[in-house]
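Asker: task: produce atomic coordinates for the following.
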Amino acid sequence: MILTSDVTSLNAMILRLALLSLLLPPTPILAGAVPPGQKASVASIVRAVTPGVVNIATKRIESVEVPSIADPVLQEFFEIPNTRLKRETTSAGSGVIVDAARGLILTNEHVVRGASVIEVTTKDDRRFRAQLVGKDKATDVAVLKIKADNLSAVPMGDSRTLEVGDFVLAVGNPFGLGQTVTSGIVSAMGRTGLGIEGYEDFIQTDASINPGNSGGALVTLDGKLVGLNTAIFSKSGASHGIGFAIPIDMARRIMSQLVEMGEVHRGQIGISVRSPASGRAGAEIVSIEPASPAALAGLSRGDVVESVDGRAIAAPAQLRTLLGVMPAGSEIDVRFRRGGEAMQARVKIEARQKAAAR
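Answerer: Modelled structure (predicted):
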């Protein structure tokens, strides 16, 4: 039997609990958590970016040697001419539309290397024969052009603002399967010394990159192009979470020269550098050519270059890469340390002398 006094006490307790819940602050949503009733998705970014990423198919003619025909004894006996056979091979890669009005596409040089035919397929399954505007093997950058209407370009961002930990999406054509999107973070910046290219300043990411992704887009979560997916670190050929992309700032510099001149005209300032003996970051000048741009600007042997145009120089390879993508005739702001004194100079890059033909 429930007594009236018990019911009264129970109602009073319920009332007190209700009032207490009104006084307590709401439970906060942790940073990065998805509010109740919503789902975590990058679908809107994918919808905006993917129309600007294309599939690239190439055909090339290769010269191959047939072992039996290559045997000099058989060649002589059967009177077979000493010739190599030719065969047609195909390969697939990716590219990014960066100028819709002019139909310009950025991709990797190795994607179109030796190609006799280059075919571009857009997201809406339109196919176009592409013209090679120019290519640069040292940075693995190439520019293609197609004649088409209603193209969609991926807006270029600023790769200098990237930080380790930023979320990124990789869009491309892995294994020729068709357009695919993977996600990850920026794992490291300024990777050099990998032996992949002549000038290296890679963005490292754990977004899955596989064969066929080369030349595809690396974009931020605001839909800006910050890199061209280029290579993976793998012994099996499959992705192991270590992928590399060319920073869009480097690709943009190379692209401007390829569009304007069809090739890259690199400059120099007349110095040789090494890692500082002190073990500090930077690039120590070990030799300087007389009357060179560096000498005329006041730089000397022993100076340690710490930044160029506001970008910190961590190692000699980084300085070499930065100078290697600067066009001749441009000027750079060099900040360096001489002894304990911080100094700066304005240096004009001169055209690199081509080696004389032998």
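
Asker: what comes up buried for stretch 284-301?
Answerer: 284, 285, 288, 292, 293, 294, 295, 297, 299 (16 or more other CB atoms under 10 Å). Every residue, glycine included, has its C-beta placed from N, CA and C.

Asker: I figured the second one was touching residue 303, is that so?
Answerer: Yes: using CB atoms under 8 Å, residue 285 makes contact with residue 303 at a distance of 4.9 Å.

Asker: okay, the buried residues of stretch 284-301 in a markdown table with secondary structure and distance to residue 275 next?
Answerer: Converted to a markdown table, the buried residues of stretch 284-301 look like this (DSSP: H, G, I helix; E, B strand; the rest coil; distance: CB to CB, whole Å):
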| residue | secondary structure | distance to residue 275 |
| --- | --- | --- |
| 284 | strand | 7 |
| 285 | strand | 12 |
| 288 | strand | 17 |
| 292 | coil | 21 |
| 293 | helix | 23 |
| 294 | helix | 18 |
| 295 | helix | 22 |
| 297 | coil | 22 |
| 299 | coil | 17 |
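
Asker: and the furthest pair within those?
Answerer: Farthest pair in the buried residues of stretch 284-301 (CB to CB) is 284 and 293. Separation: 18.1 Å.

Asker: buried residues in stretch 178-188, which are they?
Answerer: 179, 180, 181, 182, 184, 186, 187.

Asker: which residues touch that stretch?
Answerer: Under the criterion CB atoms under 8 Å, 6 or more residues apart in numbering, residues 42, 46, 50, 53, 55, 123, 162-174, 203-209, 213, 241-243 lie in contact with stretch 178-188.

Asker: repeat that for 7 Å
Answerer: With CB atoms under 7 Å, 6 or more residues apart in numbering as the test, stretch 178-188 has contacts from 42, 46, 50, 53, 55, 123, 162-174, 203-208.

Asker: looking at those residues, which are in strands?
Answerer: Assignment to strands by DSSP state E places the following of the contacts of stretch 178-188 there: 53, 55, 167, 168, 169, 170, 171, 172, 203, 204, 205.

Asker: in CSV: these, plus neighbour count.
Answerer: Formatted as CSV, the ones in strands among the contacts of stretch 178-188 follow (neighbours: other CB atoms under 10 Å):
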residue, neighbour count
53, 27
55, 24
167, 13
168, 23
169, 21
170, 28
171, 25
172, 32
203, 28
204, 20
205, 28
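
Asker: tell me the one of the residues you listed nearest residue 191?
Answerer: When the ones in strands among the contacts of stretch 178-188 are compared against residue 191 (criterion: CB to CB), the nearest one is residue 204, at 5.1 Å.

Asker: show me the contacts for that closest one.
Answerer: 187, 188, 191, 242, 244.

Asker: out of the buried residues of stretch 284-301, flag the one nearest to residue 132.
Answerer: Among the buried residues of stretch 284-301, and counting by CB to CB, the member closest to residue 132 is residue 293, at 32.7 Å.

Asker: so where's this structure shaky on pLDDT?
Answerer: In the predicted model of the chain, residues 1-38, 63-87, 195, 197, 233-241, 353-358 satisfy pLDDT under 70.

Asker: one more time with 50, if that's ok
Answerer: Along the chain, the model assigns pLDDT under 50 to residues 1-5, 7, 29-32, 355-358.

Asker: could you check how far residue 159 is from residue 326?
Answerer: Noted for residue 159: a distance of 16 Å to residue 326, by CB to CB, to the nearest Å.

Asker: please say which of these two ends up with more neighbours.
Answerer: Counted by other CB atoms under 10 Å, residue 159 and residue 326 do not tie: residue 159 has more neighbours, with 24 against 19.

Asker: which residues are in contact with the nearest residue to that one once chain neighbours are set aside?
Answerer: Among residues not flanking residue 159 along the chain, residue 247 sits closest, at 3.7 Å (CB to CB, 6 or more residues apart in numbering). Neighbouring residues of residue 247 by CB under 7 Å, 6+ apart: 159, 201, 203, 227.

Asker: likewise residue 176?
Answerer: With CB under 7 Å, 6+ apart, residue 176 has these contacts: 92, 212.

Asker: same deal with residue 230?
Answerer: 108, 140, 214, 244, 245, 246.

Asker: phi first, then psi, for the third one.
Answerer: The main-chain torsion angles of residue 214 are listed as degrees, to the nearest 10 and equal phi -50, psi 130.

Asker: what's the burial count for it?
Answerer: Neighbour tally, residue 214, other CB under 10 Å: 27.

Asker: that one against residue 93, yeah?
Answerer: Yes: applying CB atoms under 7 Å, one finds residue 214 in contact with residue 93, separated by 4.8 Å.
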